[in-house]
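**Student:** Pasting the sequence and the predicted model now:
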Amino acid sequence: MSILEMKVPSPGESITEVEIATWLVKDGDYVEKDQPIAEVDSDKATLELPAEQSGVITLKAEEGDVVQVGQVVCLIDMDAAKPEGTAAPAAEAPKQEEAPKAEPAKPEAPKPAAQPAAATQTYATGAPSPAAKKILDEKGIDAGQVSGTGRDGRVTKSDAELAAVPAMGGTSLSATGSRAVTTTKLSVLRRKIASRLVSVKNETAMLTTFNEVDMSEIFRLRKQYKEEFAQKHGVGLGFMSFFTKAVTRALQMYPDVNASIDGDFKVNYDFCDISIAVSGPKGLMVPVLRNAENMSFNGVEANIKDLAIKVRDGKITVDEMTGGTFTITNGGTFGSMLSTPIINPPQSAILGMHNIIQRPVAVDGQVVIRPMMYVALSYDHRIIDGKESVGFLVAVKEAIDNPVELLLGGDERKGLGL
């Protein structure tokens with residue numbers, strides 16, 4: 001008998017343990033090679049665990065168990081024959097004389113709905129994943145009532161977890177609406193984020209300084225060159241490239257904002273690895289632009305687009321989310337006017353962008369209407385003094401207010417790569 005011991009692979013260099021979030025198969029099921037059999041949570045991402053070989057599976061860990069990298073979580077009997085009538089249409093069935101003769105009168109058997117996690121399974125638009133279906137069934141929610149954020153509108157595990165039971169109706173004490181309460185265990189990723197955020201508040205001397213920027217020139221540049229830029233580079237000309245370039249310029253002017261603390265030592269970096277906060281189906285992720293100080297405008301836009309797609313599709317890797325030296329987050333996409341962003345450790349500072357509002361401002365003694373944005377810099381006062389923090393934010397403001405001279409070298413077309 002050939003038994004394969006499936007061990008937990010390492011999701012990343014710094015990760016030593018993961019949590020079994022959901023088994024996508026049951027004990028004793030026949031699985032195909034590369035079929036997703038489980039979803040596992042690390043402290044950085046949720047990943048799918050594929051079967052390493054085909055065979056009958058024996059589970060060795062329960063949902064919710066925290067297991068070490070390298071620990072055996074299931075066994076696969078590779079000698080076990082595939083049960084009759086369970087082959088996926090595109091899967092390669094074992095060559096057995098008995099199998100086709102056992103049920104000659106059931107030609108539809110190869111396409112049952114009993115194997116939702118098969119590697120070749122295709123999901124109907126909006127259909128829930130196995131993990132999502134289990135959660136929705138427990139909540140008593142019809143999958144058709146949930147809007148899916150996955151590929152082709154597929155309802156993901158995260159969608160199911162966020163799906164709420166019908167709201168309580170009425171305000172009367174005698175209201176007869178639903179009184180259901182749902183309790184869901186936080187994933188290891190969410191628990192890790194919570195722990196890190198609390199530690200930031202407890203272990204850093206975090207302060208926030210504010211300023212405002214005039215977006216008029218960026219609006220003009222985007223309106224004037226957006227079509228030509230998109231045609232030449234294949235990506236849109238967004239706000240993030242201007243802010244990323246403004247930040248890398250300011251970090252080079254104020255290097256302590258790009259530093260971190262390691263015990264009794266300050267660590268300065270000669271490069272600017274910018275973490276960009278991106279909202280995805282599983283929550284906020286912060287993929288990193290490596291050496292952003294050397295990127296062109298189209299390089300920044302192309303890299304952000306690529307990373308955002310990976311976050312949306314759940315294909316972002318742990319390595320792509322670690323190692324940043326400074327973070328930019330844009331709460332303005334959700335309508336935030338002002339906030340105090342929390343530092344992303346071990347970094348020492350984070351820039352918060354906000355929504356853009358047409359406001360009256362004084363320019364050369366005249367009141368004019370301009371598109372204005374509040375910006376916030378949260379920083380660790382243990383390593384960054386007020387002079388550096390304020391100077392850094394002023395440098396960002398100057399670059400956004402006057403991007404042609406300070407970010408495009410005085411030649412807007414050449415600076416944009418046109």
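**Tutor:** Ah, there it is. Numbering: from 1, shown residues only.

**Student:** List the neighbours of stretch 359-378 that are in contact with it.
**Tutor:** For stretch 359-378, the external contacting residues (C-beta atoms under 8 Å, 6 or more residues apart in numbering) are 206-216, 219, 332, 337-343, 349-358, 389, 392-393, 396-397. Just so you know, the C-beta spots here come from the backbone N, C-alpha and C atoms, and that holds for glycine as well.

**Student:** hmm, try it at 7 Å
**Tutor:** With contacts defined as C-beta atoms under 7 Å, 6 or more residues apart in numbering, stretch 359-378 is touched by 206, 208-216, 219, 332, 337-343, 349-354, 356-358, 389, 392-393, 396.

**Student:** which among those residues end up buried?
**Tutor:** 206, 208-209, 212-216, 332, 339, 341-343, 349-354, 356, 389, 392-393, 396 (16 or more other C-beta atoms under 10 Å).

**Student:** Just the ones of those residues in strands?
**Tutor:** Residues of these located in strands (DSSP state E): Met206, Thr208, Thr209, Glu212, Val213, Asp214, Ala349, Ile350, Leu351, Gly352, Met353, Ile356.

**Student:** Which single one of the residues you listed is nearest to Lys26?
**Tutor:** Ile350 (44.1 Å; C-beta to C-beta).

**Student:** Enumerate the beta-bridge partners assigned to that closest one.
**Tutor:** When assigned by DSSP bridges, Ile350 has beta-bridge partners Thr327, Ser378.

**Student:** That one contacts Thr325, doesn't it?
**Tutor:** No - in terms of C-beta atoms under 7 Å, Ile350 does not count as a neighbour of Thr325; the distance is 11.1 Å.

**Student:** CA-only coordinates of the helix or strand containing Lys414 in PDB, if you can.
**Tutor:** Lys414 is part of helix 412-415 when elements are defined by DSSP states H and E. The C-alpha coordinates for helix 412-415 follow below in PDB (Å, rounded to 0.1, in the frame of the first residue of the first chain):
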ATOM      1  CA  GLU A 412       5.300  67.100 -18.400                       C
ATOM      2  CA  ARG A 413       5.200  65.000 -21.600                       C
ATOM      3  CA  LYS A 414       8.700  63.700 -21.100                       C
ATOM      4  CA  GLY A 415       8.100  63.100 -17.400                       C
END
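
**Student:** what helix or strand does Gly410 sit in?
**Tutor:** Using DSSP H and E, no helix or strand contains Gly410.

**Student:** Okay, helices next: where are they in the stretch 301-418 of the chain?
**Tutor:** Ranges of helices within the stretch 301-418 of the chain are 386-401, 403-406, 412-415, based on DSSP state H, counting those that start in this stretch.

**Student:** Who are the packing partners of the second one?
**Tutor:** Yep, that's helix 403-406 we're talking about. Judged by 3 or more C-beta pairs under 7 Å, 6 or more residues apart in numbering; DSSP states H and E, the packing partners of helix 403-406 are helix 216-233.

**Student:** For the helix it packs on, give me every contacting residue.
**Tutor:** So helix 216-233 is in contact with 236-237, 239, 242, 298, 370-371, 400-404, 412, 416-418, going by C-beta under 7 Å, 6+ apart.

**Student:** And those residues, which is closest to Arg191?
**Tutor:** Phe239 (32.7 Å).

**Student:** Quick one: residues contacting the closest one.
**Tutor:** So Phe239 contacts Ile218 (C-beta under 7 Å, 6+ apart).
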